[in-house]
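S.K.: model this:
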Amino acid sequence: MDSETPSETARKGDLTMHPRRPSVQPEGSQDLAHNIKRWGRELGFQQIGITDTDLAIAESRLIEWLDSGSHGSMDYMHRHGTRRSRPAELIPGTLSVISARMDYLPHSHGDIARVLEEPTRAFVSRYALGRDYHKVLRRRLQRLADRIVSHIGPFGYRVFVDSAPVMEKPLAEKAGLGWIGKHTNLIHPRAGSWFFLGEMYTDLALPIDEPVKSHCGRCQACLDICPTQAIVAPYRLDARRCISYLTIEHVGSIPVELRAPIGSRIYGCDDCQLVCPWNRFASLTAEADFLDRQGLDTATLLELFAWDEADFLSRTEGSAIRRIGHERWLRNLAVALGNAPASSQIVLALQTRQYHPSAIVREHVAWALSRQSGVATVAPAL
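M.R.: Next up, the predicted model:
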């Protein structure tokens, strides 16, 4: 989910818009497209696809989703208007979009399931265990752009990795990188869904790829497994109930009725991907940057709850996790500790945060203590 406007991202130096040049002529575009895909594979992408900028169908679905309020507190989804679904409004002159995917799965499904089976161990979504994927993919896309420049000369482009109003999944679907499944993630028939996406908006007139046919069929495994029933219908996610939204995007208090289903998940949730039958074809990542850092794949809830803010900032440096801040980190861990089996160690740890400066932390700690003591409800400690 994006959290920055294009201007904010540009100020940070993430995006580069080069002077426009005449679009590649049709007689050379087929060879160029072939080379772009080859260069992408050489740079570590598992697949490159190319599509046009027509997102009319996706735009109508987005508007309906926003009108229903399913985006929760992600107000930026509204603010960007049609720039999200009309690439040429975001970046004038855009003719073709190069879409790329890169595998990130660091462990087998069995290893992931074992973490979830131990309620005192913290579960972090597998995408966030390693280095911040924004940086990794952005650099590779920039290197791909440099390859194109060296071949045809300067051209107009910008690269995006979940950092601006871009409909990455509909674009990837149109570019043949997979189909959007019932859980709203992209699925490739030979690679599953454990991959990141990145895009390059270009002013090149390139031949487009054919979309992949959907193969979800009658399967409802993702709907059935969702701990908070956030997938309210096939292909429809209510972010307000989604654990990834609640533990990452949501700033305030987590609704009481959704705290118990969160279990030990402190940053994101992978349940819908774990049960997807197409992920039996997923490959483990070859990227060292996506492997575990700071022992987050084996850490206990108590270990992580003991981090003070300096520890948090130090140990999440270069990680996507840092964006939630220490307050939400403690909030999420307090919920998970409340869901853990009763333990005097947990009670003692929670009591160290009873008078935390943050009202949000105090509220969730009080809830967790009530769960640990067997009391059904307790007034928030504000």
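S.K.: and the strands in the stretch 251-382 of the chain?
M.R.: 265-267 (DSSP state E, counting those that start in this stretch).
S.K.: what are the phi and psi values at Val124?
M.R.: phi -110, psi 130 (degrees, to the nearest 10).
S.K.: mind checking pLDDT for it?
M.R.: Confidence at Val124, expressed as pLDDT, is 98.
S.K.: was I right about it contacting Ile266?
M.R.: Yes: taking contact to mean Cβ atoms under 8 Å, the distance of 6.4 Å between Val124 and Ile266 places them in contact. To be clear about C-beta, it is placed using only N, CA and C from the backbone, and glycine gets the same treatment.
S.K.: leaving out the residues flanking it, which one is nearest to Gln294?
M.R.: Nearest non-adjacent residue to Gln294, counting by Cβ to Cβ, 6 or more residues apart in numbering: Arg315, 4.7 Å away.
S.K.: give me the number of residues near the one you found?
M.R.: Close neighbours of Arg315, defined as other Cβ atoms under 10 Å, add up to 17.
S.K.: got a pLDDT number for it?
M.R.: Arg315 is given a pLDDT of 96.
S.K.: one more: the one 3 residues further on?
M.R.: Looking at Gly318, its pLDDT stands at 95.
S.K.: for it, give me phi and psi.
M.R.: phi 80, psi 10.
S.K.: quick one: stretch 234-244 to chain centroid distance?
M.R.: 13 Å (Cα atoms, centre = their mean, to the nearest Å).
S.K.: contacts for that stretch?
M.R.: With contacts defined as Cβ atoms under 8 Å, 6 or more residues apart in numbering, stretch 234-244 is touched by 65, 69-72, 74, 125, 180-184, 216, 220, 223, 227-232, 245, 249, 258, 261-262, 265, 268-269.
S.K.: now do stretch 323-335
M.R.: When contacts are defined by Cβ under 8 Å, 6+ apart, stretch 323-335 is touched by residues 3, 122, 247-248, 251, 254, 259, 262, 266-267, 301, 304-305, 307-309, 312-313, 321, 350, 353, 356, 358, 360-361, 364-365, 367-368.
S.K.: cool, stretch 28-42 as well?
M.R.: 24, 47-48, 50, 98, 100, 144, 147-148, 151-152, 204-207.
S.K.: quick one on the thing from earlier: which one of Val124 and Ile266 is surrounded by more residues?
M.R.: When Val124 and Ile266 are compared for neighbours, Ile266 comes out ahead with 29 against 25, by other Cβ under 10 Å.
S.K.: residue contacts, the more buried one?
M.R.: So Ile266 contacts 122-124, 247, 301, 304, 329, 332-333, 335-336 (Cβ under 8 Å, 6+ apart).
S.K.: can you lay out these as a markdown table showing distance to Gly110?
M.R.: A markdown table is the format used below for those (distance: Cβ to Cβ, whole Å):
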| residue | distance to Gly110 |
| --- | --- |
| Ala122 | 18 |
| Phe123 | 15 |
| Val124 | 17 |
| Thr247 | 24 |
| Leu301 | 22 |
| Leu304 | 23 |
| Trp329 | 28 |
| Asn332 | 25 |
| Leu333 | 25 |
| Val335 | 26 |
| Ala336 | 22 |
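S.K.: out of those residues, which is nearest to Ala88?
M.R.: Thr247 (35.2 Å; Cβ to Cβ).
S.K.: surely that closest one is in a helix?
M.R.: Yes: under DSSP: H, G, I helix; E, B strand; the rest coil, Thr247 falls within a helix.
S.K.: gap between it and Gln372?
M.R.: 20 Å (Cβ to Cβ, to the nearest Å).
S.K.: tell me how many other residues crowd Ala260.
M.R.: Neighbours around Ala260, by other Cβ under 10 Å: 14.
S.K.: was I right to think it contacts Ala336?
M.R.: No: between Ala260 and Ala336 there is no contact under Cβ under 8 Å: 10.6 Å.
S.K.: re earlier: which of the contacts of stretch 28-42 are buried? Put it as a ChimeraX command.
M.R.: Per 16 or more other Cβ atoms under 10 Å, the buried members of these correspond to this ChimeraX selection:
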select :24,47,48,50,98,100,144,147,148,204,205,206
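S.K.: mind listing the helices for the stretch 151-300 of the chain?
M.R.: 168-174, 221-225, 243-244, 256-262, 271-275 (DSSP state H, counting those that start in this stretch).
S.K.: checking Gln142 next. Helix, strand or coil?
M.R.: Here Gln142 is recorded as helix under three-state DSSP.
S.K.: measure it to Thr352 for me?
M.R.: 45 Å.
S.K.: so these two - more neighbours on which side?
M.R.: Gln142 (17 against 11).
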